[in-house]
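# Got a predicted structure plus its sequence, pasted below:
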Amino acid sequence: MPDKDKIGHRPTWAEINLNDLDYNFRQVKSHLSRLTKVLVTVKADAYGHGLIPVSKRLAASGVDYLGVASIDEGIKLRKAQVKTPILVLGVILKQDIQSLFTFKLTPTVCDYELALALSRKAAGLKKPMRLHIKVDTGMGRIGVAHQDALELVSKIYKLKSVVIEGIFTHFPFADSGRKFTTFQIKLFYKLVADLRKRGIIIPLVHAANSAGLINHRDSHFTMVRPGLVIYGLHPQKGSRIKLKPVLSLKTRVIFIKQVPSGSGISYGHAYITKRPACIVTLPIGYGDGYPRNLSNLGPLLIGGKRFNISGRICMDQIMVDVGDFKPRLAAEVVLIGKQGKQRILAEELADLAGTIPYEIVCGLGSRIPRVYLS
Ligand SMILES: *Cc1c(COP(=O)(O)O)cnc(C)c1O
């Protein structure tokens with residue numbers, strides 16, 4: 001039970017179990033050949049789990065690379081003394097390249113202009129720059145079109161002060177459309193083979209996100225790039241990998257009152273009691289990133305029993321009709337995680353809210369303190 005110096009005066013917090021993070025990392029490793037390297041994506045504050053503690057634990061467990069969305073996320077890691085190689089997965093502007101050198105971050109390159117600017121800067125600083133080239137094989141996001149990739153890579157290869165350490169692509173469909181992913185893998189294989197024929201051998205070839213890693217063995221190449229599974233969340237139903245959810249979301253009963261039958265609860269009285277009932281109030285709301293469209297829907301656990309949120313979710317509070325159950329004041333409530341024999345998964349909340357588990361965990365706001373268990 002975290003105390004005030006950990007979570008402050010509002011008893012709502014997320015528990016991040018770093019041993020379970022480790023377990024998932026080992027599960028992923030056991031799906032790979034021994035030589036396949038692993039880049040874990042820790043963008044968006046490690047999917048809401050906390051960039052620094054998560055990255056430090058992964059570094060201690062031997063992760064090969066960390067993936068961030070922006071230079072700023074990379075700088076935060078370096079300032080926290082994380083020494084693991086860091087790939088900035090998003091594109092960057094030419095005017096921002098100095099920080100890559102200062103903080104030893106590896107950029108993603110999709111065009112010749114950026115590669116040239118990097119090479120010039122690197123020459124001036126007498127520090128060769130490693131880079132990864134992103135190829136679009138069908139995601140339609142950043143990346144050089146696969147038809148133009150052979151030419152671009154060959155041209156960048158000739159630049160004196162950059163080293164092509166990696167080449168990668170991304171799957172839009174790895175959780176469903178098997179055929180399209182298989183087609184992308186083929187395109188990417190052919191590109192790598194054609195480069196090899198030209199004598200261009202790139203050590204880190206990567207494509208697989210979590211779903212790709214599980215569903216397509218031939219997508220592993222020399223490195224994989226999982227995020228979601230490392231946090232113990234499944235990219236699809238019935239996936240074959242055994243994982244432990246790393247994050248639990250908890251709060252406490254802050255107020256209890258008995259109301260008569262026919263009482264309207266919360267904004268718009270979208271819930272009206274059908275009998276005399278006990279209504280408890282919990283100090284969490286959409287201002288914490290708990291989805292408001294779980295109003296009258298979101299499940300939670302009190303005293304080892306399942307209840308649902310009653311009425312509209314407010315910014316800072318939610319109410320629950322617990323019927324004739326009598327919880328204690330300050331009793332622990334679980335919104336994501338286990339209590340007794342019951343469990344609520346982020347995947348379940350995502351389904352109910354009409355979104356994906358990624359958005360549930362990334363959305364949890366900075367107002368919720370993260371408490372680390374290890
Ligand atoms: C976020 C991200 C991943 C990880 O995806 P998951 O589905 O979380 O495994 C992999 N590659 C890129 C380029 C990403 O942006």
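Noted; the coordinates are in hand.
# I'd like to know how far residue 3 sits from residue 335.
Noted for residue 3: a distance of 20 Å to residue 335, by C-beta to C-beta, to the nearest Å. To be clear about C-beta, it is placed using only N, CA and C from the backbone, and glycine gets the same treatment.
# all strands in the stretch 151-300 of the chain, in order from the N-terminus.
162-168, 204-206, 223-224, 247-252, 255-259, 264-265, 271-272, 277-282, 299-302 (DSSP state E, counting those that start in this stretch).
# Now for the closest residue to residue 157 other than its chain neighbours: which residues touch it?
Nearest-residue entry for residue 157: residue 200, 5.2 Å, with adjacent residues in sequence omitted and distances by C-beta to C-beta, 6 or more residues apart in numbering. By C-beta atoms under 8 Å, 6 or more residues apart in numbering, the residues touching residue 200 are 153, 154, 157, 164.
# Just name whatever secondary elements the strand or helix carrying residue 124 is in contact with.
Following DSSP states H and E, the helix or strand that holds residue 124 is helix 112-125. Helices and strands touching helix 112-125, by 3 or more C-beta pairs under 8 Å, 6 or more residues apart in numbering; DSSP states H and E, are helix 98-102, strand 129-136, helix 146-157, strand 162-168.
# For those, could you give me CSV that also reports mean pLDDT and distance to residue 80?
As requested, the helices and strands packed on helix 112-125 are exported to CSV (pLDDT from 0 to 100; distance: least, C-beta to C-beta, whole Å):
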stretch, mean pLDDT, distance to residue 80
helix 98-102, 98, 15
strand 129-136, 98, 21
helix 146-157, 98, 31
strand 162-168, 98, 23
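# And residue 3 and residue 335? Which one has more around it.
Higher neighbour count among residue 3 and residue 335: residue 335, with 25 against 8, using other C-beta atoms under 10 Å.
# Am I right that the more buried one sits in a strand?
Yes - counting by DSSP: H, G, I helix; E, B strand; the rest coil, residue 335 is found in a strand.
# from what I can see it touches residue 289, true?
No - the pair formed by residue 335 and residue 289 falls short of the contact definition of C-beta atoms under 8 Å, at 11.2 Å.
# Please name every helix or strand in contact with the helix ranked longest in the chain.
Among the segments of the chain that qualify as a helix by DSSP state H, the longest is helix 178-197. Other elements packing on helix 178-197 under the criterion 3+ C-beta pairs under 8 Å, 6+ apart are helix 146-157, strand 162-168, helix 210-215.
# Could you give the separation of the shortest one from the chain centroid?
In this view, helix 210-215 has its centroid 15 Å away from the chain centroid, taken as C-alpha atoms, centre = their mean, to the nearest Å.
# Over to the first one?
In terms of C-alpha atoms, centre = their mean, the centre of helix 146-157 is set 31 Å apart from its chain centre.
# try stretch 214-226
Between the mean C-alpha point of stretch 214-226 and the mean C-alpha point of its chain there is a distance of 18 Å (C-alpha atoms, centre = their mean).
# in that stretch, what's buried?
Along stretch 214-226, the positions that meet the burial threshold by neighbour count (16 or more other C-beta atoms under 10 Å) are 214, 215, 216, 219, 220, 221, 222, 223, 224, 225, 226.
# who in the stretch 1-150 of the chain is up against the ligand?
41, 43, 89 (C-beta under 6 Å from any ligand atom).
# give me that answer again for 5 Å
Of all the residues in the stretch 1-150 of the chain, those in contact range of the ligand (C-beta under 5 Å from any ligand atom) are 41, 89.
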